[in-house]
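1. build me a model from this:
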Amino acid sequence: MDIRDFAPAKSPRKKARRLGRGNGSGWGGTAGRGHKGQKARSGGTVARGFEGGQMPLMRRIPKWGFTNIFKKKYVICNIERLNSFADGDVVDQESLQAKGLIRKSKDPLKVLGDGELKVKLTVKAKLFTRSAEEKIKAAGGQAEVI
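-> Coordinates of the predicted model:
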């Protein structure tokens, strides 16, 4: 460590550059705008995505499909994941999150029918696929729609 390592704290305040106040200021003449051209003029800004008259990238690349802004999103969970619960348990979105079987989300729960269910459970969810509902009932449980 040297004396040169010690310096006063840098101020969070930055002094404004006083442009166009003569060559002695360092910001005289062209005042930091360079020589000529669109960006040297007052009000001279280039629109975002403008490429000097060349066809912009966003217009050159192909487009397909559309995004449905009204699409309903669900947190999904397959039947086979419910085997980690004990017989007679009540399974809902909070209990699945607590066990780490689904991510925490504000979206409603949908149970899918992939896999086999070996325990008797009461499952509460917003939606069930037909096969999921059948497998829960075949195991002796209940599928309750919230």
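
2. need the longest helix for the protein.
-> Of all the segments of type helix in the chain, defined by DSSP state H, the longest one is helix 130-138.

3. just checking, next helix/strand downstream of that helix?
-> strand 142-145 (DSSP states H and E).

4. for that next one, name the packing helices and strands.
-> strand 122-125, strand 127-128, helix 130-138 (3 or more CB pairs under 8 Å, 6 or more residues apart in numbering; DSSP states H and E). Where you see a C-beta, it was placed from the backbone N, CA and C, and this is true even at glycine.

5. grab the most central residue of this protein for me.
-> Central residue of the chain (CA atoms, centre = their mean): S105, 12.6 Å from the mean position.

6. element containing that residue?
-> Element membership of S105 [criterion: DSSP H and E] is none; it lies in no helix or strand.

7. could you find the closest non-adjacent residue to it?
-> Counting by CB to CB, 6 or more residues apart in numbering, S105 lies nearest to V75, which is 4.9 Å off, once chain neighbours are set aside.

8. run a quick neighbour tally on that neighbour.
-> 19 (other CB atoms under 10 Å).

9. isn't it up against P108?
-> Yes: look at V75 against P108 with CB atoms under 8 Å: they come within range, at 7.1 Å.

10. that's all I had, so thanks and see you.
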